[in-house]
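Enquirer: Fold the stuff below for me.
(3 chains)
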Amino acid sequence: MSIKKTILSGLSDRQKEAVTHTEGPLLLIAGPGSGKTRVMAHRVAYLVAVKKIPTNNILAVTFTNKAARELKERCERLVSYQKEFLQVRTFHGFCSRILRFEGENIGLSRDFSIFDEDDQKKVIKRSFEDENIDIKQHSPGKIISVISKLKNSIISPEKFSNEVTNFSEEIISRIFSRYQDILLKSNAVDFDDLLLKTFHIFDDNKYILDKYSDLYRYIQIDEFQDTNPLQFRVTKLLSDQNRNLCVVGDPDQSIYSWRYADPTNLTEFKKSFPESTTITLDQSYRSTQNILNAANSLINNNSARSDKNLWTNNGSGGKLILYETNSEEDEARIVLNEIKRLNQSENIPLDEIAIMYRVNAQSRSFEVICNRLAIRYRLIGGVKFYDRQEVKDILAYLRLVSNKSDDTALLRIINTPRRGISDRTVSEITRLAREEGSTIFEIISLIKEEKIKTNLIPRAIKSISEFIELVNNIFEVSNQMDITDLINYIIDKTEYRSYLRRDEEKSITRLENINELIASSDQYIGLDSDVQLSSFLENLALVSSVDFLETGDQIDSNSEELTLITLHQAKGLEYKVVFLVGCEDGLLPHMMSIGDIEALEEERRICYVGITRAKSHLYFSYSTTRMFRGSFGGQILSRFITEIPEHLIVRKRNMGYSNFHMPENSVSYNKDKLDLKTQKNSRSEKLIFLTGSKVKHDIFGEGIVMKNFGEDGEVLFSNFGIKKLMWNYAPIILLEDQNEINFIDPEIDSA
DNA sequence: ATGCTGGTTGTTTTT
DNA sequence: CAACCAGCAT
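Expert: This next block holds a predicted model:
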């Protein structure tokens, strides 16, 4: 009895109801900040401690790895025994596991590779070559998207080829078949296959389905509004017997329709489980009432919503602030100056502040100004860690060692680092593999042993033979080494580091990335040696950029940092202060969706997600001009902001840093813009300091920039007088941009 | 075999 | 404006 009390203490009546409803299907509609994760964790604890359900009979599925980790941690805090058997996984992670165990039923061996989008594109390109179709007419990305849609609708290549109605579909059909053939030969799956093949295994093998539905007697699915039809069908199969399925979601936060997520799954759920109970959580424990009012009135513009109005006991809070600026850089300056103020004057730690935007490309201007103002930040997403060349190269070696059929991995590294294997040689080998219907690895082995006739020159044969010996050698030692040693071994054997050093500019970052990869493999050393490699690879394939950055942070620092993040990735997170930037028609809502009512409503939900991330301070900003496809365009305030009641927002208009200073300071202004361009490529930041800026010199201390000649200039220091400094070489940082922003209060402006 | 250059291309969100 | 690629020069 006391255990029960402990688990239920501190929960609202509604929350208690959700936690204790364990038998039979439950639909939990949970608004932002309504304590959803808490309820889910307590529900699991309730199942274990009160209902005495063994932990291994419980399966909790989330959308992201981060959510999975969070939920698992919270459950583990509440559950006292056998917590290691709790299954908390992402959909993809769960399916991958099923396939490792049961994949042999469908011709998939345990060591299958998981292909990411990059790999997929290469396979698509190869498919076009195999089919002798000119790829120039088609974009691989589009084809992948179509194939993905087909897979999510459970349409096989064979079925699709029978339904073809026009020439373009005919081509897609042929490519689809080839693509799937190559994957099968490579003993590989793509992300959709993880779900699709799991579905087929359950659907076709009653005894396997029985085994797992008997095991997972209690199933809990998070972010249900983001599941696609395929995921729902897997879920239905698994819980059809026991019907102890709890799905948690919020239709207003459905933002993944482009990945074929289907929010009508929520209503489908009611149809499939007519005996289900629905509980709605709409009390927010996160945001102020002003923020919730803004969110409510925005989302009310969407059609066909069930009425759900967020409310809170947190009090109304301050008003929301809208910054109107004249350029992208001004926007970044103003936002970051305010962040600096919040941090220094109001003592708000940087890690409680986030800048959120619609598209990744928007992060650039903020990064540049962050560097200039010496604000530490972490960029979530963007160029993903595991997407970097050097990381992918090393992973390709590991993949090939783990799965010799992985042609895509092989082709990536056959001549990386350079070992004298030409493109011509590679295409000859690929051609042979296609003709013989075997893998490239097999073909090269045959060539080496002179068991197959080729028109390759002896030198080429020698090169590829050495390559095969290298791979075989790595393979042999792989069983006797920890994963970390194995990676080091590969790097040594291939002389990968000296290969990187040839590009002086980029080598430092790249070597760092390699070291980080090695460091990240460390946590697998405890595992059995035969699963170290495969679980390392699997986790890397299924882990998102968000997750990776997090683990990376734990290793190297605990210093606080500002977060830069897309609105999509921000779902599920919360910050004390949120800056929703780029609130412009064409950006939010995105151009692609204007004119399409359904797409527009999804954009509105994206905006809604952003707003509801904020606990106490919410800022919007937009710029009246923005660089787009190489030319400047005029922008207008996002229609979504005008849907928020005016009395909730304080507008602050910036008179324009750029316009003010261009005439008297045009040199530095232009230099400044140049800076913005070069920033991205080189790690060494070129600093140009504008006159009037406050700077800090390692030796001379604080000073004010008096003159700026571009490359160099003069700075006045209180104790050392005027000094001439080269901006690129002097040990200085910018304390305060000279741009002391000129705001005009709306009242004064109109007066 | 490798590296450079100039022309062409596409542009949202990601497990 | 970028990233990418094909074709050319080394």
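Enquirer: do you know how far A:Glu643 is from A:Arg502?
Expert: 55 Å (Cβ to Cβ, to the nearest Å). Just so you know, the C-beta spots here come from the backbone N, C-alpha and C atoms, and that holds for glycine as well.
Enquirer: Model confidence for whatever residue of the stretch 351-500 of chain A ends up closest to DNA strand C, exactly?
Expert: Here the stretch 351-500 of chain A gets closest to DNA strand C at one residue, A:Arg364, 7.9 Å apart by Cβ to the nearest atom of the strand. We have a pLDDT of 86 for A:Arg364.
Enquirer: What about it, how many residues nearby?
Expert: 18 (other Cβ atoms under 10 Å).
Enquirer: for the helix or strand harbouring it, packing partners?
Expert: Using DSSP states H and E, A:Arg364 falls within helix A:363-372. For helix A:363-372, the elements it packs on are helix A:328-345, strand A:377-379, strand A:562-566, helix A:666-679, judged by 3 or more Cβ pairs under 8 Å, 6 or more residues apart in numbering; DSSP states H and E.
Enquirer: can that helix be found next to DNA strand B?
Expert: No. Using Cβ under 7 Å from any atom of the strand, helix A:363-372 stays clear of DNA strand B, with a minimum separation of 9.1 Å.
Enquirer: and that helix, which residues are buried?
Expert: Judged by neighbour count (16 or more other Cβ atoms under 10 Å), helix A:363-372 contains these buried residues: A:363-372.
Enquirer: quick one on the thing from earlier: looking at the helices and strands packed on helix A:363-372, which has the lowest confidence?
Expert: Among the helices and strands packed on helix A:363-372, helix A:666-679 carries the lowest mean pLDDT (a mean of 30).
Enquirer: counting contacts, what elements does the very next helix or strand once past that one pack onto?
Expert: Going down the chain from helix A:666-679, the next helix or strand is strand A:694-697, by DSSP H and E. Here strand A:694-697 touches strand A:701-708, strand A:712-717, strand A:732-736, going by 3+ Cβ pairs under 8 Å, 6+ apart.
Enquirer: Mind listing the strands strand A:694-697 pairs with, and their directions?
Expert: strand A:701-708 (antiparallel), strand A:732-736 (antiparallel) (DSSP bridges).
Enquirer: Now do A:Arg233, the pLDDT please.
Expert: 94.
Enquirer: give me the element it is part of.
Expert: Using DSSP H and E, A:Arg233 falls in helix A:229-239.
Enquirer: Settle it for me: which of A:Glu643 and A:Arg502 has more neighbours?
Expert: A:Glu643 (15 against 10).
Enquirer: Please identify the buried residues of stretch A:75-85?
Expert: Under the neighbour-count criterion of 16+ other Cβ under 10 Å, stretch A:75-85 has A:75-76, A:78-79, A:83 buried.
Enquirer: Stretch A:444-458 now?
Expert: A:444-448, A:454, A:456.
Enquirer: Next, format those residues as TSV and append secondary structure and distance to DNA strand B.
Expert: As requested, the buried residues of stretch A:444-458 are exported to TSV (DSSP: H, G, I helix; E, B strand; the rest coil; distance: Cβ to the nearest atom of the strand, whole Å):
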residue	secondary structure	distance to DNA strand B
A:Ile444	helix	15
A:Ser445	helix	20
A:Leu446	helix	20
A:Ile447	helix	15
A:Lys448	helix	17
A:Thr454	coil	14
A:Leu456	coil	10
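Enquirer: Pull the most distant pair out of the residues you listed.
Expert: A:Ser445 and A:Leu456 (14.3 Å; Cβ to Cβ).
Enquirer: If we only consider the buried residues of stretch A:75-85, which is nearest to DNA strand B?
Expert: A:Cys75 (18.9 Å).
Enquirer: ok now do that closest one, which residues does it touch?
Expert: A:41, A:44-45, A:60, A:83, A:86, A:88 (Cβ atoms under 8 Å, 6 or more residues apart in numbering).
Enquirer: Look up which helix or strand it falls in, please.
Expert: Per DSSP H and E: helix A:65-78 holds A:Cys75.
Enquirer: Cheers, nothing more for now.
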